[in-house]
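Asks: output the structure for:
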Amino acid sequence: MIRYALSCDSGHSFESWFPSSDSYDEQAKAGLVTCPFCNSPKVAKQIMAPSLGRTAALPAPVEAPGTPAPAAPAPTEAPVSLVSEPERQLRAMIRALHEHVARTADHVGENFAAEARRMHYGEIEQRAIYGEASLNDARALLEEGIAVQPLPSLPDDRN
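Replies: Model (predicted):
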């Protein structure tokens, strides 16, 4: 998984997780990466510093004789949440959407494209379904005039 700092052409900054750098590139090219604030598909990566872990402990500093003891560190502010309140609310809405779909629709798994076609062409009764489809299958369904909508996923859904 890779986390990118992103911004849209309206100046909104946000973060998003992707399985890989190539996955981000594919999704951005297909217009699937959009700003959560204004829904703009014109999104670009921001410059980020890599997060590197330390591999060894640093040695303790050596004090010169007669050096006064360092002052106690200034009290710090309350810890900063890694997830902002608007992002927390957005994640809660996405989770609620997933729960609603699971309660009210039939899961057809990898048969989603075939089931959607069969319903569209009147071979089976219409009903709410959800499942998995490749990007190519989803495009083909849309080109045939079959309405499909991807469900947004959350980074912690893949962990």
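Asks: list the buried residues of the longest helix along the chain.
Replies: The helix of greatest length in the chain, counted in residues with DSSP state H as the criterion, is given as helix 85-104. For helix 85-104, a neighbour-count test (16 or more other CB atoms under 10 Å) marks L90, R91, I94, H98 as buried. Where C-beta positions appear, they are placed from N, C-alpha and C, glycine not excepted.
Asks: where does this structure dip in pLDDT?
Replies: Low-confidence regions of the chain, defined here as pLDDT under 70, cover residues 49-81, 156-159.
Asks: ok, back up a step: pairing partners for the helix or strand just after the longest helix of the chain, with directions?
Replies: Helices and strands here follow DSSP states H and E; after helix 85-104, the next one along the chain is strand 106-109. The partner list of strand 106-109 in its sheet, established with DSSP bridges, is strand 129-131 (parallel).
Asks: contacts for the strand it pairs with, please.
Replies: Contacts of strand 129-131 from elsewhere in the structure, counted by CB atoms under 8 Å, 6 or more residues apart in numbering, are 101-102, 105-112, 115-116, 119, 151.
Asks: mind picking the two most distant members of the residues you listed?
Replies: Across these, the two members that end up farthest from each other (CB to CB) are A102 and M119, 19.0 Å apart.
Asks: what about the helices in this protein?
Replies: The residue ranges that make up the helices of the chain, judged by DSSP H, are 21-29, 85-104, 112-120, 135-143.
Asks: how about N111, what does it touch?
Replies: Applying CB under 8 Å, 6+ apart, one finds that N111 lies in contact with G131.
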